[in-house]
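A.B. asks: This is a predicted model, with the sequence first.
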Amino acid sequence: MSGKETRKSAKETAKKSPQVSKKSNEKPAFTPPTLRHRAFSDVNGQDQILRDLKESMDLAFTEVNKKIDSMLLNQQSILRRISTLEDTQKGLEESYNFLSSAVDDLKAEQTKMESDITVLKKDLNSLRTSQNKLKLDYEEKLRSLTEAQLKAERYSRSFNLRFGGIPEKENEEAIQEVKRVLSDYLQMEPVIENAHRIGKRSTGKPRQIIAKLLYRPQRKEILLKCRRALQDSPYFITEDLTSEDFKKKASLRHVMSAAFQEGKRPRFVNGKLFINGELYVHEDSPLAPTA
């Protein structure tokens, strides 16, 4: 091939190569070197073209490799971020599993505590029931013992009488003083086992004398006669009541007085008031009849 034909072929090749638009803002990935026209032989020109093409391809490969390296770096960065996110997700999952396990443990503990509380409530109710039963039994036994003691004390005192208004003397014999009053005012000489003054000595009035009679029928006769026989005297004779009966009789004194004024016969016996032989029941008493 002649030099003229070679130059013509180079020109046609240059015309066929794509042209970069001046109006475009985009830059090509690389700019291939311009093939130089050399005035050599056809063989030398072809060699030069091959070298230029090789150089252009090397530059292109270099740019491509740079882009690949950049993409690989970006990929590695993305992979690291993904790994970090996976680690974070794994940590969150572990935290969630731990919290979920802790919540399950708390729920189980709460269920156990509720069960224990239920058992304790049952035990407490059982203890309260037993306590109430024991309390009722104790109160019943105490009431029975109190009534038995009161009954025994009432029986012991059922032989006694209290004498009041008898002046105190030095070296006196209480039995003789009681016998004198009974003989002078009631014309009676009952058998008296013993007699003595009670209470602290006082300058205001004489202490009462408690006398124990041998026979209760004689005591009853004295109580029937003494009210009328001693009404104009400084003396009085009463039953020797227990402390409880004394308080109860004092609380019913107005009822007994009203019964006397109405011509009825009130009698207080063993802690109970009878009017004309019928048991008196206060309206506030649980024994009172309901309307």
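C.D. replies: Structure received.
A.B. asks: for residue 194, phi and psi?
C.D. replies: phi -160, psi 160 (degrees, to the nearest 10).
A.B. asks: what sits against it?
C.D. replies: By Cβ atoms under 8 Å, 6 or more residues apart in numbering, the contact set of residue 194 is 175, 211-212. Glycine gets a C-beta too; all of them are placed from N, C-alpha and C.
A.B. asks: what's the closest of those residues to residue 114?
C.D. replies: Distance to residue 114 across the contacts of residue 194 (Cβ to Cβ) is lowest for residue 212, with 70.0 Å.
A.B. asks: From residue 235, how far out is the closest one?
C.D. replies: Look at residue 212 and residue 235: by Cβ to Cβ, to the nearest Å, they are 18 Å apart.
A.B. asks: following the one helix or strand residue 85 maps to, which helix or strand comes up?
C.D. replies: Assigned by DSSP states H and E, residue 85 belongs to helix 42-157. Downstream of helix 42-157, the next assigned helix or strand under DSSP H and E is strand 160-164.
A.B. asks: Pull out the buried residues from that next one.
C.D. replies: 160-163 (16 or more other Cβ atoms under 10 Å).
A.B. asks: possible to save those residues as a markdown table with distance to residue 203 and pLDDT?
C.D. replies: Listed next are the buried residues of strand 160-164 as a markdown table, based on distance: Cβ to Cβ, whole Å; pLDDT from 0 to 100:
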| residue | distance to residue 203 | pLDDT |
| --- | --- | --- |
| 160 | 26 | 96 |
| 161 | 25 | 96 |
| 162 | 21 | 96 |
| 163 | 20 | 97 |
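A.B. asks: quick one: which of those is nearest residue 115?
C.D. replies: For the buried residues of strand 160-164, the residue nearest residue 115 by Cβ to Cβ is residue 160; the value is 66.3 Å.
A.B. asks: Show the contacting residues for the closest one.
C.D. replies: With Cβ under 8 Å, 6+ apart, residue 160 has these contacts: 210-213, 219, 239-240.
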